[in-house]
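Give the three-dimensional model of this entry:
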Amino acid sequence: MSGGVAIIGAGAFGTALAVALAARGPVTLWGRDVAWTGRENPRLPGIVLPDPLTLTDRIGDCTADTLLLALPAQVLGGFLAEHAPLLDGRNLISCAKGIDLSTLQGPSALIRAACPRATVAVLTGPGFAADIARGLPTALTLACTDAEAAQALQARLSTGTLRLYRTTDVAGAELGGALKNVIAIAAGVAIGAGYGDSARASVITRGFAEMARLAAALGARPETLTGLSGLGDLVLTCTSQQSRNFRYGLALGAGRDFGAGTTVEGAATARAVAALAPRLRIELPLSRLVAGLAEGSIAVEHAPDILLNRPLKEE
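Next up, the predicted model:
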């Protein structure tokens, strides 16, 4: 492959990836509003953009043959509708972690529908933007159904501090990244409401069971969910306040307001999962609870009763 790398989306994660990949050569970073003071993204304070990184608000400047789409899951569909002709035929790598509410599809399906000639891949796993930008050791999953393309992209996008593991199970990798956000909200609620670490451990464990159940129903391989993009990302986001979804859950549990306008992928994904579950005839009580809490139809004080009064069953 040749033709460089561009990142679409200059949020914290997109900027972090651009900083990391600039260690290997020129990178273009696109955002709708990149009128920052100097070369520092306010969402990543203390990180100065390196010289090999070109910042732009003109999508036409992104001429690279490999584009990482670091956009929120609920924004991606609109972006593709606007720019698909420009993107088609290239390597398009989704970095979104969610399920589109309007179509109940994952990002890779949206990309394939909009850009049928593109090579589609997914980059996901346990990596906080600040850690990646600071060059701290991080391992992620790169998923692509084309094994040869996956190998080439893995070589192109791995750095001295960012190690990528590849898989052909796009569904599993994508669902792991999306669903762990829902469970991270539930874990945050458990701590924010004062239910304790034992409750959080139960949420993580039973949440992982829900993730595996839904992923299997949608054709994913079970072993993918035990890897970086499933269990690895779940542990990270359920135990650290660097996780926006966990912090959102903390605020819900404590009855505090969360930043208006702040993207919380897990809240929208919980609603999508709650709509999917009946169609697939599977039980996802934690996900359904998170959807109710996020919508305000369930009060936090009723959450334990809703979960604990369910019929007793085998693990």
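
Give me the residues contacting the helix or strand harbouring Ala18.
Assigned by DSSP states H and E, Ala18 falls within helix 12-21. With Cβ atoms under 8 Å, 6 or more residues apart in numbering as the test, helix 12-21 has contacts from 5, 7-8, 10, 27, 29, 31, 41, 43-44, 47, 49-50, 53, 68, 70-71, 95, 129-130, 132-133, 135, 157, 159, 161-162. Where you see a C-beta, it was placed from the backbone N, CA and C, and this is true even at glycine.

Among those, name the ones in strands.
5, 7-8, 27, 29, 53, 68, 162 (DSSP state E).

how about JSON lines for the residues you listed, with distance to Glu314, pLDDT and neighbour count added?
Converted to JSON lines, those look like this (distance: Cβ to Cβ, whole Å; pLDDT from 0 to 100; neighbours: other Cβ atoms under 10 Å):
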{"residue": "Val5", "distance to Glu314": "48", "pLDDT": "97", "neighbour count": "26"}
{"residue": "Ile7", "distance to Glu314": "46", "pLDDT": "98", "neighbour count": "30"}
{"residue": "Ile8", "distance to Glu314": "46", "pLDDT": "98", "neighbour count": "23"}
{"residue": "Val27", "distance to Glu314": "50", "pLDDT": "96", "neighbour count": "24"}
{"residue": "Leu29", "distance to Glu314": "50", "pLDDT": "96", "neighbour count": "28"}
{"residue": "Leu53", "distance to Glu314": "53", "pLDDT": "94", "neighbour count": "19"}
{"residue": "Leu68", "distance to Glu314": "43", "pLDDT": "98", "neighbour count": "27"}
{"residue": "Leu162", "distance to Glu314": "41", "pLDDT": "98", "neighbour count": "22"}
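
Could you identify the most distant pair in those?
The most widely separated members of these, counting by Cβ to Cβ, are Ile8 and Leu162 (18.2 Å).

Just the buried ones among the contacts of helix 12-21, please.
5, 7-8, 10, 27, 29, 31, 41, 43-44, 47, 49, 53, 68, 70-71, 95, 129-130, 132-133, 157, 162 (16 or more other Cβ atoms under 10 Å).
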